[in-house]
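A.B. asks: when you get a sec, could you give me coordinates for this:
(one chain, ligands or ions: 1)
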Amino acid sequence: MDPEKVALLKDGFRGEIILPGEPKYSEVAAGMFNQMFIDRKPAIMCRPLGAADISKAVKWAAENQLKVVPRSGGHGGSGLASCDGGMLIDLALMKGITYDPSTGNATVQSGCRLSDIDYELLPYNRAVPIGTVGITGIGGLALHGGYGLLTKSYGLTVDNILQVEIVTGTGEILIANEKQNTDLFWAVRGAGSNVGIVTNFVFKTHQMPPTVYGGLVVQPALNLVDFQNKWAAKIYNDPNYNSFNYHLAPPDGPECGLVARLACQFGDQEKAEKEVEDLISHAPKAMFGYKHQPFNLINQTTTGFFMKAPATRQYWKAMNFPAWTPELSVAFNDLFAEIRASPKYGPYSLLVTEYWNSTKVAVKRDMPMNILQPMFVIVILLGWQDPTLDTEAKQYSEKLVSRFDALGNIREQTYFNYSPEDNAEYSLGKKNLDRLLAIKQKYDPKNLLCQGSLKKRKFGPQQHA
Ligand SMILES: Cc1cc2nc3c(=O)[nH]c(=O)nc-3n(C[C@H](O)[C@H](O)[C@H](O)COP(=O)(O)OP(=O)(O)OC[C@H]3O[C@@H](n4cnc5c(N)ncnc54)[C@H](O)[C@@H]3O)c2cc1C
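C.D. replies: Below is the predicted model:
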C-alpha cells in the first residue's frame, strides 16, 4: 500500500487505520466467529468512530479501486464480513446506544453486540426483538432479519428499524426512513449490506413487564420425538409463549446428547410454571434455569455458553416448514442421532428448532426481507475442526438438507442469516430483485459493496480488488 496514499486517509481520521504487519492486524483480521475465515488478509482495515470516518474511507477505497467490506460482529456464517485484499471496515469501536423515553426509540451504533442492547435497555424495562446470543453483531442481524424470543409479538429486528444513518457506496452520508430516501430505506431492510454501511439504527423498543418467567432448561435428549411434538403444539397454540431448542452432543455429555430449551412466557405466569413441570417430568435430571426475571436477562442466558464454546469451522443451513408434523419429529430425531454419532461433527455441531410466527407484522412487510409466512425452522449448524473436511462438510450438509425436501422444506423463503449461500431470489424475493438492482445502481454504482447478499447476482463490471 502506497504510504503517501495511506497518509491521505489517515489525515483527520478519528478511528484506527491498520495495515498488514502492524501489531493489531492479525487480531482484527481474525475477528470472525467461523474459523474458516480467520486467515483472510484485507489490504487495509479501518476502525471508524463515526459516519465521517466511514465516508472518508469509502471515498478513499473507490479512488484506490478497493472493494469495501463492512463488519459488525463477524458472526455471518459464510464469511462475507472478511476479505482478501480490499478494505475491511470493522465497526467494533462504534458502540454508542441512547434511549429516548419521550419516543420509546433507541439509537444504536452498528458496532454494538446484542448484549450491549439488552444491557442498555434493561434499566428502562424496554427491549428490541433481537437474537439471543449476546456476542452476535447488530449490523448483519438487523439488516437481514433478526429472529428472537420477541418475534412472535413484535416481529423480527428488521421490522423494528425506524431509521438508519448510512454511508452509501459513493461515500454520501444519508438518513433513510419512511419519509426521506424511501427507496434506500426499503432496500436496507433485507438487503442493506449491498447498498451502504449503516452507521446507526433507530429502533422501536417495546415495554417489558418488570419480570417474566423463563430461562434455560438443559436436559438429556431423551424421547426427542415426543419432546418436539409437544413443543410444537405448545408454541403453535400459545401466542404469549416463545422458545427454541438447541440440540448438542458435548464429549462429556450423555450418549443421547443434550437438549437445551430457552423460553419465556408472557401473560399468564402459571402457564410457564406448568411448562417447567412438564419439562422436568420428561427428564428428571434437567438442569433447571427458569425463574422470574427481567426479559433482557433471559435473552442473554446462553451468551456465556457461546463465549466458552470451542472455536469451530462451520457451515450453516436452515430449513423452513409451514407446519410441524410427527414425520418431521421423526426425521429430526434421525438427523440428530446421525450427527451426534459422528466423531468429526458431533462434538462441534448444533441443531436448533424454532417457530417463526410474525404474522402480526409480516402482513405489513414491504421490504426485501423475504419471510412472509409463519414457519417452523430447523437450523443445522454443522461444525468441525479439521480444515481438510471443509469441502466434505459442505456437501454433507447439503445432502442432509435434501432429505427434508419431501417433508415440505420451503426453499423459496430463505433466511439469509441462517443460509447465507442460498440464492438471492430466495432470501430477498424474486419480485424484489430488479427494484433492488436499480437502487444499488443509484447508491453503489461502482459495486464497492460486492460482498453483500446480492453477491451472486451479476452487477456491472468488477472495478476493484
Ligand atoms: C452464535 C450465533 C448465534 C446467532 N443467533 C441468532 C439469532 O438468535 N437470531 C438470528 O436471527 N440470527 C442469529 N445468528 C445469525 C446472525 O443473524 C448472522 O450471523 C448475522 O449475520 C450476524 O451479524 P453480524 O453483524 O455479527 O455479522 P457480520 O459477519 O459482521 O456481517 C454479516 C453481513 O452483514 C454485513 N454488515 C454487517 N454490518 C453491516 C453494516 N453496519 N452495514 C452494512 N452491512 C453490514 C457484512 O458485510 C456481511 O455481509 C447467530 C449467529 C451466530 C454465530
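
A.B. asks: pretty sure Pro209 contacts Gln265?
C.D. replies: No. Using C-beta atoms under 8 Å, Pro209 is not in contact with Gln265; the gap is 10.9 Å. C-beta coordinates here come from the backbone N, C-alpha and C atoms, glycine included.

A.B. asks: more neighbours, these two?
C.D. replies: Gln265 (22 against 12; other C-beta atoms under 10 Å).

A.B. asks: okay, the more buried one and the ligand: tell me how far apart.
C.D. replies: Distance, Gln265 to the ligand, by C-beta to the nearest ligand atom, to the nearest Å: 18 Å.

A.B. asks: need the pLDDT of that residue.
C.D. replies: With respect to pLDDT, Gln265 scores 89.

A.B. asks: please report the distance of it from Phe305.
C.D. replies: Plainly put, Gln265 is 22 Å away from Phe305 if you go by C-beta to C-beta, to the nearest Å.

A.B. asks: now do Met45
C.D. replies: Taken as C-beta to C-beta, the span from Met45 to Phe305 is 30 Å.

A.B. asks: the two: which is more packed in?
C.D. replies: Set side by side, Met45 and Phe305 show more neighbours around Met45, with 25 against 14, by other C-beta under 10 Å.

A.B. asks: wait, Ile138 sits on Ser115?
C.D. replies: No. Assessed by C-beta under 8 Å, Ile138 is found out of contact with Ser115, at 10.3 Å.

A.B. asks: neighbour count: these two, which is higher?
C.D. replies: A count of neighbours by other C-beta under 10 Å puts Ile138 above the other of Ile138 and Ser115, at 30 against 19.

A.B. asks: check contacts around the more buried one.
C.D. replies: Residues counted as contacts of Ile138 (C-beta atoms under 8 Å, 6 or more residues apart in numbering) are 72-73, 108, 110, 112-114, 116-117, 130, 157, 201.

A.B. asks: try it again at 7 Å.
C.D. replies: 72, 108, 110, 112, 114, 117, 201 (C-beta atoms under 7 Å, 6 or more residues apart in numbering).

A.B. asks: let me know the pLDDT of the residue in the stretch 301-450 of the chain positioned nearest to the ligand.
C.D. replies: Using C-beta to the nearest ligand atom, the closest approach of the stretch 301-450 of the chain to the ligand is made by Asn417 at 3.5 Å. In this model, Asn417 is scored at 93, pLDDT.

A.B. asks: so which residues on the stretch 1-150 of the chain come close to the ligand?
C.D. replies: 33, 69-77, 80-81, 91, 110, 131-133, 136-137, 139-141, 143, 145-148 (C-beta under 6 Å from any ligand atom).

A.B. asks: now, which of those residues lie within helices?
C.D. replies: Among those, the members found in helices (DSSP state H) are 139-141, 143.

A.B. asks: dump the residues you listed into JSON lines; add pLDDT as well.
C.D. replies: Below are those laid out as JSON lines (pLDDT from 0 to 100):
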{"residue": "Gly139", "pLDDT": "98"}
{"residue": "Gly140", "pLDDT": "97"}
{"residue": "Leu141", "pLDDT": "97"}
{"residue": "Leu143", "pLDDT": "96"}
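
A.B. asks: same list (those) but as CSV, adding distance to Lys360 and neighbour count.
C.D. replies: Converted to CSV, those look like this (distance: C-beta to C-beta, whole Å; neighbours: other C-beta atoms under 10 Å):
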residue, distance to Lys360, neighbour count
Gly139, 25, 29
Gly140, 24, 28
Leu141, 20, 25
Leu143, 21, 30
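
A.B. asks: from the residues you listed, which single one is nearest Thr98?
C.D. replies: Closest approach to Thr98 among these (C-beta to C-beta): Gly139, at 17.6 Å.

A.B. asks: wait, the closest one sits on Gln109?
C.D. replies: No. Using C-beta atoms under 7 Å, Gly139 is not in contact with Gln109, being 9.5 Å away.

A.B. asks: now do the strands in the stretch 351-465 of the chain.
C.D. replies: Assigned by DSSP state E, counting those that start in this stretch, the stretch 351-465 of the chain shows strands spanning 375-384.

A.B. asks: up against the ligand, what does it have?
C.D. replies: Near the ligand, when you scan the stretch 351-465 of the chain using C-beta under 6 Å from any ligand atom, you find 417, 451-452.
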